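K.L.:
After the sequence you'll find the predicted model.
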Amino acid sequence: MAVALLGRALAAFSSARHILRCSTAYSMEKWFSKQSSYDNYPKPPLTAYFRFVKDQHHIFRKQNPDLSIVEITKKIAYAWKELPVSEKQTYEAAAKVDRQAYKEELAIYKAQLSPTQRIALKEEKRRKLTKRKGTRKKRELTVLGKPKRPRTGFNIFMSEHFQEAKGISVQAKMKDLNEKWQNLPSSQKQTYLQLAEDDKVRYENEMRPWEEQMIDIGRQDLVRQKNRRLKIPTVAKKKDGEHFLKKEG
């Protein structure tokens, strides 16, 4: 299946190149790539935290050979959280130096570009940035061990019957499975719908402790809006001469 997908992708790419070659925009991008490739764009520096991860990963891996990459990453995240301020400042200072060097390299790089190249660079950067953000976000959530989203009844049905579906291409198989799903007797379809409901319960049960962990390591931005205040204590209130700490959540 992977080979077939690759073949289709290459065919589509070749066709797209043939069409774009006739356009001014493509000519500009092609010329730009020869004169000053986007690959030469200065590489953004690592943040203080990721410098720490890079330094510590092999150490934690050696100390915990039986743990998964997700568990190792969690340990490193907690180690960063507990790291003394003086040691964090070392990483932050190094990151600051790298950022300044990056800004200087970027200024030199942009100064060498012609107006036409700058337009091509801006468009290429926008396209790659959008793709990179999506990939990075997905990879980050995987590393942090975010529970998989619940599947629908059709998703479960499709995963069970994909190999036996008619057709060679993915599109053909999906079309066949969709038709079978639409014609599936209600009694059989209900089985998959119930499995989907069970998967929703599984997802919620796994998400709550995961979101608590994200709050613990300072990644509240990954927590769903409805749970943003989870485990965050309010200001202590005075009552009958005593102080009580009330938790919201």
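P.N.:
Received the coordinates, thanks.
K.L.:
Show me this protein divided up by domain.
P.N.:
Following automatic domain parsing, one finds the domains of the chain at 24-143, 153-248.
K.L.:
what about the longest one, average pLDDT?
P.N.:
Mean pLDDT, taken over the full extent of domain 24-143, equals 83.
K.L.:
can you check the last one too?
P.N.:
Taken as a whole, domain 153-248 has an average pLDDT of 80.
K.L.:
Run a quick neighbour tally on I72.
P.N.:
19 (other Cβ atoms under 10 Å). Just so you know, the C-beta spots here come from the backbone N, C-alpha and C atoms, and that holds for glycine as well.
K.L.:
element containing it?
P.N.:
helix 69-82 (DSSP states H and E).
K.L.:
Now do that helix: which elements does it pack against?
P.N.:
Here helix 69-82 touches helix 48-63, helix 115-143, helix 186-216, going by 3 or more Cβ pairs under 8 Å, 6 or more residues apart in numbering; DSSP states H and E.
K.L.:
Make JSON lines out of those helices and add distance to S159.
P.N.:
Shown next, in JSON lines, are those (distance: least, Cβ to Cβ, whole Å):
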{"stretch": "helix 48-63", "distance to S159": "32"}
{"stretch": "helix 115-143", "distance to S159": "19"}
{"stretch": "helix 186-216", "distance to S159": "10"}
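K.L.:
Those helices: which one's closest to Y78?
P.N.:
helix 186-216 (7.8 Å; Cβ to Cβ).
K.L.:
And that closest one, what's buried?
P.N.:
When burial is assessed from 16 or more other Cβ atoms under 10 Å, helix 186-216 yields the following buried residues: K189, Y192, L195, A196, D199, M207, W210, E211, Q213, M214, I215.
K.L.:
Centre of the chain to that helix, how far?
P.N.:
Centroid separation between helix 186-216 and its chain, computed with Cα atoms, centre = their mean, to the nearest Å, is 21 Å.
K.L.:
Show residues contacting stretch 88-108.
P.N.:
P42, K43, P44, P45, L46, T47, A48, Y49, R51, F52, W80 (Cβ atoms under 8 Å, 6 or more residues apart in numbering).
K.L.:
go with 7 Å
P.N.:
P42, P44, P45, L46, T47, A48, R51, F52 (Cβ atoms under 7 Å, 6 or more residues apart in numbering).
K.L.:
So I168: helix, strand or coil?
P.N.:
Put simply, I168 is coil when judged by DSSP: H, G, I helix; E, B strand; the rest coil.
K.L.:
Helix 186-216 and the helix holding I72, what's the angle between them?
P.N.:
30 degrees (axes from the mean of the first three to the mean of the last three Cα atoms, to 10 degrees).
K.L.:
tell me the angle helix 69-82 makes with helix 48-63.
P.N.:
120 degrees.
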